[in-house]
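A.B. asks: pasted the sequence and its predicted model underneath.
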Amino acid sequence: MSSNTIRMEELVSLCKRRGFIYPASEIYGGLNGFWDYGPLGTELKNNLRDAWWHDMVRCPPAGPDGEPVSIVGLDSSIIQNPRVWEASGHVGGFNDPMVDCRETKSRYRADHLFCLGVKGETGGQIYAYLENDDESLASARKKLEKYVKRTLADEELDTCALTSLPAEALAATVGPDTKAVGTLTEPRQFNLMFKTFVGAVQDDESAAYLRPETAQGIFLNFANVVDTMRVKVPFGIAQVGKAFRNEVTPRNFIFRSREFEQMEIEWFCHGDEAEQWFEFWCDVRKSWWESLGLTSDNVMMRKHDADELAHYAKEGCGTFDVEYRFPFTAPGYGELEGVAHRGDYDLRRHEEFSKKKLTYFDQPKNERYLPHVIEPSAGLSRGTLAMLCEAYTPDPERASKVYMAFNPRLAPIKAAIFPLVNKDGMPEMASKLHQDLRRRWPVQYDAKQSIGKRYARMDEAGCPWCFTVDSDSLTDQSVTIRDRDSLSQDRVAIDQVENWLAERLG
RNA sequence: GCGGGUGUAGCUCAAUGGUAGAGCGUCAGCCUUCCAAGCUGAAUGUUGACGGUUCGAGUCCGUUCACCCGCUCCA
């Protein structure tokens, strides 16, 4: 077991202990791939979401030409007309039948397997091989010739798709990487979209899907936004929301869960300008993650190889991932956000399927066209996990042995207010300060147990500052500020505490 | 979906087939004048779930669920 997995277990343990993240429906034994956010996790996730909305929708950075950019918000339905997912390509691409080999434990896409047999002969063994793989084909032919005990001419060979085989022929089939017969399972559907039914009657007519991405809701409303919001291309539409995928293997805490949250922008621009906007968004998004505390060593941009490009990204200039070095991927990286050049794929497909015109008329250019799309698609759940991983700071010197070094902007608790001792007028004074501050920020009051324990509790919760009222406070009207990261203690006038915090929190 | 591992209090872990425990945390009281201090007390468990073997199962067996690791998958 590597030290990284130990650290991950410690993080999961802290998340539960301090109310960040719990297993979903835990009292019933949990459910694979689902997690609940506790009180502190909810605050953290909301803070990350709000920071994104503020920095991308309300105050986005200036564009490449120095002019302000325009982004508007949206909140579309999780369930849409099922034809949406036909148009988007998810119904086709999400349902690949797979075949497993019981012997070698390999898994193959059924439509990538072909079978080799002797022409005209039925009932004999047949040999599966991988499509477009000469080595695999040669191996299958060799095994077949050994089976029939003679060399076969090319014209004696018969091939067919594995998916076209009847069940009894499949039972006589030898897998690509084995010599035993009948080790392949029947092709099984992997439905990555959650299916549900709209209305009380559950028949095929009423079948629908939970969205596997929030993006499509934006494309569906492109024309509505253009018609009603006086926006001009280039502009963006942003949306935050839940998405659902029946992942084959949910893993790594909330990194790959079946219900998760996305923060997506669809940036609509002229095709000629798409490339410069693509570069712009790659830069903006990487810097944004770094501005929240992810150190640049742990963040990298990675261009997708041609063979891993999504169906929608093949026509544009590709996809860059913003990747983070999670403890469970280290020394490698895991995807935090994908910035994809989708071309005009989505609007074009929805035009085809809906028969509605989705072109944009550009007045200054006097030109009608389908805008191209740059999509910075970030994982809110993954971002929250990255923030938890980055903040987790072991420190054997301090009582808690670990503290969460959240950026104050994201910290679930912004400040704690303590009476040093729970008597002599200190609790009254501290409580008054707490009442005043909680109108503006999530702050906590704690008078129980020793001051050291209270500091330690706040360290694990990632609270950046503690204000302590002591006996001097009663005479000089000042309090001690204890800094989470430096452990330094400074004095500030009690009537200046709110300003002091406002300067640091905005 | 496959293989391996794990599952006992909120957390970390003990318990030869024979009475389910400890530390920490939490809570209450006393105390305490700046970093999990001290004292006293309390709550918390169908030992993940179901079934079997046994006089007796946390322990052995089977099934199942969840988590971790490795495959596979990740539009």
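C.D. replies: Sure thing, it's come through. Numbering: from 1, shown residues only, chains lettered A, B, ... in the order given.

A.B. asks: what about residue A:380, how many neighbours?
C.D. replies: Summarising burial for residue A:380: neighbours were counted as other CB atoms under 10 Å, giving 21. No exception for glycine: its C-beta is placed from N, CA and C like everyone else's.

A.B. asks: ok, residue A:81 next?
C.D. replies: Other residues lying near residue A:81 total 15 when counted by other CB under 10 Å.

A.B. asks: surely it is in a helix?
C.D. replies: No - using DSSP: H, G, I helix; E, B strand; the rest coil, the assignment for residue A:81 is coil, not a helix.

A.B. asks: and the spatially closest residue to it that is not a sequence neighbour, how far is that from residue A:492?
C.D. replies: Nearest-residue entry for residue A:81: residue A:208, 7.9 Å, with adjacent residues in sequence omitted and distances by CB to CB, 6 or more residues apart in numbering. When CB to CB, to the nearest Å is applied, the distance between residue A:208 and residue A:492 equals 57 Å.

A.B. asks: so for the two, which residue has more residues nearby?
C.D. replies: More crowded of residue A:208 and residue A:492, by other CB under 10 Å: residue A:208, with 18 against 15.

A.B. asks: that one contacts residue A:194, doesn't it?
C.D. replies: No - checked against CB atoms under 8 Å, the pair residue A:208 and residue A:194 is beyond contact range at 9.6 Å.

A.B. asks: just the buried residues of the helix or strand residue A:467 falls within, please?
C.D. replies: Using DSSP states H and E, residue A:467 sits in strand A:465-469. Going by neighbour count (16 or more other CB atoms under 10 Å), the buried part of strand A:465-469 is A:465-469.

A.B. asks: coming back round to it: so what's the residue nearest to residue A:81 up against?
C.D. replies: Residues touching residue A:208, when contacts are defined by CB atoms under 8 Å, 6 or more residues apart in numbering, comprise A:79-82, A:195-198.

A.B. asks: can we see that at 10 Å?
C.D. replies: Contacts here follow CB atoms under 10 Å, 6 or more residues apart in numbering; on that basis residue A:208 touches A:78-82, A:84-85, A:193-199.

A.B. asks: try residue A:388
C.D. replies: Neighbouring residues of residue A:388 by CB under 10 Å, 6+ apart: A:11-12, A:14-15, A:20-21, A:41, A:44, A:253-254, A:404, A:406, A:462.

A.B. asks: domains for chain A, by residue range?
C.D. replies: A:41-81+A:207-390, A:96-189, A:402-505 (automatic domain parsing).

A.B. asks: rebuild those as TSV, extending it with mean pLDDT.
C.D. replies: As requested, those are exported to TSV (pLDDT from 0 to 100):
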stretch	mean pLDDT
domain A:41-81+A:207-390	92
domain A:96-189	76
domain A:402-505	95
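
A.B. asks: now these as a markdown table including distance to residue A:35?
C.D. replies: Listed next are the domains of chain A as a markdown table, based on distance: least, CB to CB, whole Å:
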| stretch | distance to residue A:35 |
| --- | --- |
| domain A:41-81+A:207-390 | 5 |
| domain A:96-189 | 26 |
| domain A:402-505 | 16 |
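
A.B. asks: mind listing the strands for the stretch 101-250 of chain A?
C.D. replies: When assigned using DSSP state E, counting those that start in this stretch, the strands of the stretch 101-250 of chain A occupy the ranges A:107-109, A:113-118, A:126-130, A:157-161, A:173-174, A:188-189, A:195-197, A:207-209, A:235-244.

A.B. asks: can you lay out the ones you listed as TSV showing distance to residue A:54?
C.D. replies: Conversion of those to TSV gives the following (distance: least, CB to CB, whole Å):
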stretch	distance to residue A:54
strand A:107-109	43
strand A:113-118	51
strand A:126-130	50
strand A:157-161	53
strand A:173-174	58
strand A:188-189	42
strand A:195-197	34
strand A:207-209	32
strand A:235-244	11
